[in-house]
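Asks: sequence first, predicted model second:
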Amino acid sequence: MKLAIVGATGLVGQEVLRVIEERNFEFDQLLLVASARSVGKTQEFKGKTYTIIGMEEAVAKQPDIAIFSAGGSTSLEWAPKFAEAGCIVVDNSSAWRMSPDHKLIVPEINADVLRIDDRIIANPNCSTIQMVMALAPLHKKYKLKRIVVSTYQSVTGTGKAAVDQLMNERNGVEGEKVYPHKIDMNVLPHIDVFTDNGYTKEEMKMVNETKKILGDNSIAVTATAVRLPVMGGHSESVNVEFYNDFDLKEVREILSKTPGVVVEDDVANNVYPMPLNAHHKDEVFVGRLRRDDSQPNTLNMWVVADNLRKGAATNAVQIAEFLAANNLVY
Ligand code: 2RA
């Protein structure tokens, strides 16, 4: 197995390396690929020194799987070239997510739709992944009607420069600004760009990707995505209406038995999911489960996950693991 990590020097690329090491993902050859400004630099990984290569060289080496975390424009230009060379691309950008010809995969939910001819596979947006991980088992049981979600997203979702802006502001140091406003001691109801309907692209990703992953365009979704000066992960307040009534105890049981989901819900002892506790972990943490008495069949929950892990790197590596385990790599 020849594995390429494209965008290897970014926050997600670095997390992908940590995940493949932790999960002992098997490969014969590893290619660390990045933009021209990083080519020639070296990186230690599992006791070996790797020299970072460029995109042309990586394609020429014909990797079997390439995990892309290099942004949408790079993926639009290079994923087809890698695929042409016989590689399966697992892409973390939004470039292919809503393409009717490409699959959008959360392995615990819909990996079974993957086939040998899938050459570019989309990794969903981090804020979508954690939400559908919590909602998919409940959808199966009670059938989702409407989702109202507000997110509280870590600066790590924007990337290293955003983390630097936060820490510079906190330390009173001048530096590059990636946000239109101060982020420290502030919240920005603005993630990605605004669209003509007044929503941001981040909010529309949650609307559209949720329907595609759950395979049900009838689900009504509305989202408000907010950026906070937080590091450990994304948090979400999810209000969900089902077609069928539910039993709260049964909801708790279903979630507790869902692979990749951990219920942290004991408010009498101040137990609920928090980004600081989710940081560096692969699970999706669910708590504050309670019925919304303002309308029938409606549940409130609080969902937290490390956006760089299950929200990006781990989900992508799990897709790669599924491909390898099911002989979908040729
Ligand atoms: C963010 N979900 O948090 C987006 C992309 N990682 O900025």
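Replies: Sure thing, it's come through. Residues are numbered from 1 along each chain as shown.

Asks: alpha carbons only for contacts and neighbour counts from here, please
Replies: OK.

Asks: give me the contacts around the host helix or strand of R18.
Replies: R18 belongs to helix 11-22 when elements are defined using DSSP states H and E. Residues from elsewhere that reach helix 11-22, judged by C-alpha atoms under 8 Å, 6 or more residues apart in numbering: 5-8, 45-46, 68-69, 156, 159-160, 308-309, 312-314, 317.

Asks: next step: the residues you listed restricted to helices.
Replies: The members of those that map onto helices under DSSP state H are 160, 314, 317.

Asks: most neighbours, which of the residues you listed?
Replies: Ranked by the number of neighbours (other C-alpha atoms under 10 Å), those place T314 first, at 25 neighbours.

Asks: excluding its backbone neighbours, what's nearest it?
Replies: Leaving aside its chain neighbours, T314 sits nearest to V19 (6.2 Å; criterion: C-alpha to C-alpha, 6 or more residues apart in numbering).

Asks: and the stretch 101-250 of the chain, which residues reach the ligand?
Replies: Counting by C-alpha under 6 Å from any ligand atom, the positions of the stretch 101-250 of the chain adjacent to the ligand are 125-127, 153, 157-158.

Asks: in PyMOL, select just the buried ones from the contacts of helix 11-22.
Replies: To isolate the buried ones among the contacts of helix 11-22 in PyMOL, judged by 16 or more other C-alpha atoms under 10 Å, type:
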select buried, resi 5+6+7+8+68+69+156+308+309+312+313+314+317
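
Asks: now flag whichever of the ones in helices among the contacts of helix 11-22 is closest to the ligand.
Replies: Taking C-alpha to the nearest ligand atom as the measure, the ligand lies nearest K160 of these, at 11.1 Å.

Asks: ok, the residue in the stretch 101-250 of the chain that the ligand sits nearest to - contacts?
Replies: Closest to the ligand within the stretch 101-250 of the chain is G157: 3.3 Å, counting by C-alpha to the nearest ligand atom. G157 is in contact with 307-308, counting by C-alpha under 8 Å, 6+ apart.

Asks: how close does it get to G71?
Replies: 12 Å (C-alpha to C-alpha, to the nearest Å).

Asks: give me the pLDDT for the closest residue to H181 other than its chain neighbours.
Replies: Among residues not flanking H181 along the chain, L188 sits closest, at 7.8 Å (C-alpha to C-alpha, 6+ apart). pLDDT for L188: 98.

Asks: and for Y330?
Replies: pLDDT recorded at Y330 is 81.

Asks: now do the contacts for it.
Replies: Y330 neighbours (C-alpha under 8 Å, 6+ apart): 64, 86.

Asks: just V329 next, same as before
Replies: Listed by C-alpha under 8 Å, 6+ apart, the contact set of V329 reads 64-65, 88, 116, 323.

Asks: and I219, by the same measure?
Replies: 144-147, 211.

Asks: mind running it again at 7 Å?
Replies: 144-146, 211 (C-alpha atoms under 7 Å, 6 or more residues apart in numbering).

Asks: that one and R170, how far apart?
Replies: In terms of C-alpha to C-alpha, I219 sits 41 Å off from R170.

Asks: all strands of this protein, in order?
Replies: Counting by DSSP state E, the chain has strands at residues 2-6, 29-33, 42-45, 48-51, 65-68, 88-91, 103-104, 120-122, 144-153, 220-227, 234-242, 261-263, 284-291, 298-305.

Asks: now what about the shortest one, what contacts it?
Replies: Contacts with strand 103-104, where a contact means C-alpha under 7 Å, 6+ apart, come from 97, 121-124, 213.

Asks: now the two most distant members of those.
Replies: Among the contacts of strand 103-104, the pair separated by the greatest distance (C-alpha to C-alpha) is I121 and I213, at 12.5 Å.

Asks: which of the two has more neighbours?
Replies: Between I121 and I213, counted using other C-alpha under 10 Å, I121 has the larger neighbour count: 24 against 21.

Asks: the more buried one against V90, yeah?
Replies: Yes: look at I121 against V90 with C-alpha atoms under 7 Å: they come within range, at 4.8 Å.
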